[in-house]
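Peer 1: from the sequence below, what's the structure:
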Amino acid sequence: MIKKILITGCYGFIGSHLCNKFSFENNFDVIGIYSKKKKQRSNILDGTIKIKLNLFDYNKLQHTIKKLKPDILIHTSWIGVSKKYSDSEIQKKNGIIIDNILKLKKLNIIKHYLFFGSQIEYKRSLKKITERHKLEATTLYSEEKIKSYNKIKKKINNFTWLRLFDVFGNYDSKNWIIPKIIRAVKERKILKIRQPYIYWDFLYIDELTEIIRLIIVKKIYGTYNLCSGKKIKLISIAKIIDKTNSYITYNKNYKKNYNLIGDNTKILKKINYRIKSEYKKNLIYLYKNAQFL
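Peer 2: Residues are numbered from 1 along each chain as shown. Take a look at the predicted model:
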């Protein structure tokens, strides 16, 4: 039986890759919701029905859901993801959209809601972070994520909340750290890394989309970390790309007081999956082939 899957933010980094992933699955019809188009990602949205929709307008959202009758809703859209908006009042707009999505429950149409949280919801730690780790809002961005999560838990049961650590891949934003490193080396510009010794946890976008496919197919609900579970320092990433040590410099006096490593044991057991991709192989591929927006 073919299921309809509705993905908000279909021109975003994660949204566009999810649309592309599900469009190649025989059992899904894919519908993407967007507010603004991004031409560079259009070529991976060929198999997606795209609809422009203002998610702040509940009446239009409700009408769209009644008309399309999607079985699954994946909400990737979030206003103010970049660091410069982390303490901006713009974050509160996301709560309005979450409220509108939760109102859809009364229509009794959507069978599975999937939302994206963030590692920023967790209290900073030097240890690997499990889902039981304490939550602590340190920015308006993390505060709104935690508020959204709590509202969702109270209102619906058929949801999945995935706390993303860091994701990388083709068509990513040029302002994130891995694209910054790659662009600096390719353009022969100096880039200084302020936190070279922190351990990060990067998940390749192709692994992310496959994990979400399995979550949807296996009907997995609940709260999970979405990460590689593998640790790597930014200084190590830089050395893979900048082999001659010509363009990437470091803040050698930086003293780390936290890491960003997730424990993905819970979700991998649920879906019976093993992380396959390798940092070095994917980074070299991106250096040679990637487009960043």
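Peer 1: looking at it, His17 is touching Ile44, isn't it?
Peer 2: Yes. In terms of CB atoms under 8 Å, His17 counts as a neighbour of Ile44; the distance is 6.9 Å. To be clear about C-beta, it is placed using only N, CA and C from the backbone, and glycine gets the same treatment.
Peer 1: which neighbours do the two share?
Peer 2: Both His17 and Ile44 are in contact with Tyr171, where contact means CB atoms under 8 Å, 6 or more residues apart in numbering.
Peer 1: who has more neighbours, the two?
Peer 2: Counted by other CB atoms under 10 Å, His17 and Ile44 do not tie: His17 has more neighbours, with 24 against 16.
Peer 1: OK, contacts around the more buried one?
Peer 2: Applying CB under 8 Å, 6+ apart to His17 gives the contacts 44, 169, 171, 205-206, 208-209.
Peer 1: state the distance from Lys92 to Leu140.
Peer 2: Applying CB to CB, to the nearest Å, the value for Lys92 to Leu140 is 8 Å.
Peer 1: one more: His112?
Peer 2: According to CB to CB, His112 stands 29 Å off from Leu140.
Peer 1: span of stretch 271-290 from start to end?
Peer 2: Start-to-end span of stretch 271-290 (CA to CA, to the nearest Å) is 29 Å.
Peer 1: what does it contact?
Peer 2: 168-172, 178-179, 182, 185-186, 202-204, 206-207, 210-211, 214-215, 218, 220, 228-230, 232, 237, 240-241, 264, 267-268.
Peer 1: likewise for stretch 60-72?
Peer 2: By CB under 8 Å, 6+ apart, stretch 60-72 touches 3-6, 31, 33, 51, 53-55, 100-101, 103-104, 107, 109-114, 216.
Peer 1: export that stretch as PDB, just CAs?
Peer 2: What follows is stretch 60-72, C-alpha atoms only, in PDB (Å, rounded to 0.1, in the frame of the first residue of the first chain):
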ATOM      1  CA  LYS A  60      -4.500  26.900   5.000                       C
ATOM      2  CA  LEU A  61      -2.500  24.100   6.700                       C
ATOM      3  CA  GLN A  62      -5.600  22.400   7.800                       C
ATOM      4  CA  HIS A  63      -7.100  22.600   4.300                       C
ATOM      5  CA  THR A  64      -3.900  21.200   2.800                       C
ATOM      6  CA  ILE A  65      -3.900  18.200   5.200                       C
ATOM      7  CA  LYS A  66      -7.600  17.500   4.500                       C
ATOM      8  CA  LYS A  67      -7.000  17.600   0.800                       C
ATOM      9  CA  LEU A  68      -3.800  15.600   0.700                       C
ATOM     10  CA  LYS A  69      -4.500  13.200   3.600                       C
ATOM     11  CA  PRO A  70      -0.900  12.400   4.400                       C
ATOM     12  CA  ASP A  71      -0.100   9.300   6.500                       C
ATOM     13  CA  ILE A  72       3.200  10.700   7.800                       C
END
